[in-house]
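Trainee: following is a predicted model, sequence given first.
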Amino acid sequence: MKCNKNVAFVVGIVFTLVLAGLGTKLAGYPVISRIGPMLTSILLAVVYRNFFGYPEPLRKGIQFSAQKILRFAIVLFGFKLNVDVILHKGLTLLAHDVMTIILAIAATVFVARLIKAERKMSLMLGVGTGVCGAAAIAAVSPIVGGSEEDTAISVGIIALMGTIFALIYTALRPSLPLSAELYGVWTGISLHEIAHVAAAAGPAGANALAVALLAKLGRVFLLIPVSFILSVVIRGRGEAKSKTPFPWFLVGFVATSLIGTYVPMPKSWLTQVSTAASFLLAAAMVGLGLNVHLSHLRNRALRPLAAMAVASVLLSVVSYLTLSWF
């Protein structure tokens, strides 16, 4: 039995890699190439889920790709980050990250009240929008008392909305009066998941992607104080009821960034690492896209989705207008 579980685990990982390979292949064709391999992969996963269902026996392997492989890929991307170029903007990025979280939660909750959307689901979506998508939702769900179904639907909404916004950002990029670096800042401080940030910023180049990840990882880091504050406000205590894991991959990202900046390395090796990181991110995208069940969204989540959509649009506009800070 244990052997069968191990086999299913490995097959689940291979499943995400195969879909990522197909997405990467399709992204080489005209038109599709505009959205890139990562977004192509997540769209394939969404289509698969809604036509064939979730491959339940492979769940643990798929979750491993969506969580662990994603973080490993982010660590690898650190090698492309030039600390000397962007370190002086760290405090400004963090200020934007704090603004993002406050605006996303406040706007989502406010609109949810106006349209009488489910309170707990809307709060989880606000945190997911402001911080780091599905990971943030999973972290705060036990704090706000969200059910497993509410959590699953919220994760699906985040995946769907983040994919839509990442597609919109990618389509708008050529016509925006932004440098690659500023475009990266915009994606990092406003998009939902790390994978969505990477997918939208990637087509703008390595520098844009590196800055975007730095901005986004600042929001990931803020998950810890956000969870603590929510616990204090909701439960009236000074200590969170559930423990929020420290994002250790953030430490790995910083470490590889320092190595890539100050330790001389062959460019050919760095190129190979970058290619591997992109492919692994595509595999993580597949795991994310398989959470999107369109019928569940229609049946239960239209109002929370609407509240989050309004907040997401507001967040994109406000963050774009404040790019002059840089």
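Mentor: That came through, no problem. In this text the structure is predicted, and so the values were computed from the model without any measurement. Residues are numbered from 1 along each chain as shown.

Trainee: low-confidence ranges in this structure?
Mentor: 1-3, 31, 33-35, 81-90, 148, 235-247, 250, 296-299, 326 (pLDDT under 70).

Trainee: center of it, which residue is that?
Mentor: Closest residue to the average C-alpha location of the chain: residue 193 at 1.3 Å, with CA atoms, centre = their mean.

Trainee: and for the closest residue in space to it that isn't next to it in sequence, the neighbour number?
Mentor: Nearest non-adjacent residue to residue 193, counting by CB to CB, 6 or more residues apart in numbering: residue 133, 3.6 Å away. All C-beta atoms are positioned from the backbone trio N, CA, C, and that covers glycine. If you count neighbours by other CB atoms under 10 Å, residue 133 ends up with 29.

Trainee: swap in residue 25?
Mentor: For residue 25, the neighbour count with other CB under 10 Å is 12.

Trainee: and the gap between it and residue 180?
Mentor: Applying CB to CB, to the nearest Å, the value for residue 25 to residue 180 is 26 Å.

Trainee: cool, residue 318 as well?
Mentor: Distance of residue 318 to residue 180, given as CB to CB: 21 Å.

Trainee: go on, residue 273?
Mentor: Distance from residue 273 to residue 180, counting by CB to CB: 20 Å.

Trainee: check which helix or strand residue 108 maps to.
Mentor: Using DSSP states H and E, residue 108 maps to helix 90-115.

Trainee: for that helix, the distance to its chain's centre please.
Mentor: Relative to the chain's own centre, helix 90-115 is displaced by 16 Å; criterion: CA atoms, centre = their mean, to the nearest Å.

Trainee: give the contact list for the residue lying closest to residue 70 once chain neighbours are set aside.
Mentor: Spatial nearest neighbour of residue 70, chain neighbours left out: residue 284 (3.6 Å); criterion: CB to CB, 6+ apart. When contacts are counted by CB atoms under 8 Å, 6 or more residues apart in numbering, residue 284 touches 16, 65-67, 69-70, 73, 195.

Trainee: now the helix or strand encompassing residue 284 - C-alpha only, CSV.
Mentor: Here residue 284 sits within helix 267-289, counting by DSSP H and E. Taking Å, rounded to 0.1, in the frame of the first residue of the first chain, the C-alpha atoms of helix 267-289 are listed here in CSV:
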residue,chain,number,x,y,z
LYS,A,267,27.1,32.6,-17.9
SER,A,268,26.2,29.3,-19.5
TRP,A,269,25.6,27.8,-16.1
LEU,A,270,23.4,30.7,-15.1
THR,A,271,21.4,30.3,-18.3
GLN,A,272,20.8,26.7,-17.6
VAL,A,273,19.6,27.4,-14.1
SER,A,274,17.3,30.1,-15.4
THR,A,275,15.8,27.6,-17.9
ALA,A,276,15.3,25.0,-15.3
ALA,A,277,13.7,27.5,-12.9
SER,A,278,11.2,28.6,-15.6
PHE,A,279,10.2,25.0,-16.4
LEU,A,280,9.8,24.1,-12.7
LEU,A,281,7.6,27.2,-12.3
ALA,A,282,5.5,26.0,-15.3
ALA,A,283,5.0,22.7,-13.4
ALA,A,284,4.0,24.6,-10.3
MET,A,285,1.5,26.5,-12.5
VAL,A,286,-0.1,23.2,-13.5
GLY,A,287,-0.6,22.3,-9.8
LEU,A,288,-2.2,25.7,-9.3
GLY,A,289,-4.5,25.5,-12.3
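
Trainee: give the buried residues for it.
Mentor: Neighbour counts using 16 or more other CB atoms under 10 Å place 273-274, 277-289 of helix 267-289 among the buried residues.

Trainee: how far off centre is it?
Mentor: That offset, for helix 267-289, works out to 15 Å (CA atoms, centre = their mean).

Trainee: next one: stretch 8-27
Mentor: The mean C-alpha position of stretch 8-27 is separated from the chain mean by 19 Å, CA atoms, centre = their mean.

Trainee: what does stretch 201-221 give?
Mentor: In terms of CA atoms, centre = their mean, the centre of stretch 201-221 is found 11 Å from the chain centre.

Trainee: and what of stretch 54-68?
Mentor: Its chain's average C-alpha position is 17 Å from that of stretch 54-68, according to CA atoms, centre = their mean.

Trainee: what about it, start to end distance?
Mentor: Terminal residues of stretch 54-68 are spaced 19 Å apart (CA to CA, to the nearest Å).

Trainee: buried residues, it. List them.
Mentor: Applying 16+ other CB under 10 Å to stretch 54-68 flags 55, 58, 61-67 as buried.

Trainee: just give me the closest of these to residue 256.
Mentor: Closest to residue 256 out of the buried residues of stretch 54-68 is residue 67 (18.9 Å), distances taken as CB to CB.

Trainee: list the contacts for that closest one?
Mentor: Contacts for residue 67 were tallied using CB under 8 Å, 6+ apart; they are 135, 284, 287.

Trainee: so what does the host helix or strand of the first one touch, helix or strand wise?
Mentor: Secondary structure assignment for residue 135, by DSSP H and E: helix 134-144. Using 3 or more CB pairs under 8 Å, 6 or more residues apart in numbering; DSSP states H and E as the contact criterion, the elements in contact with helix 134-144 are helix 119-130, helix 148-172, helix 223-235.
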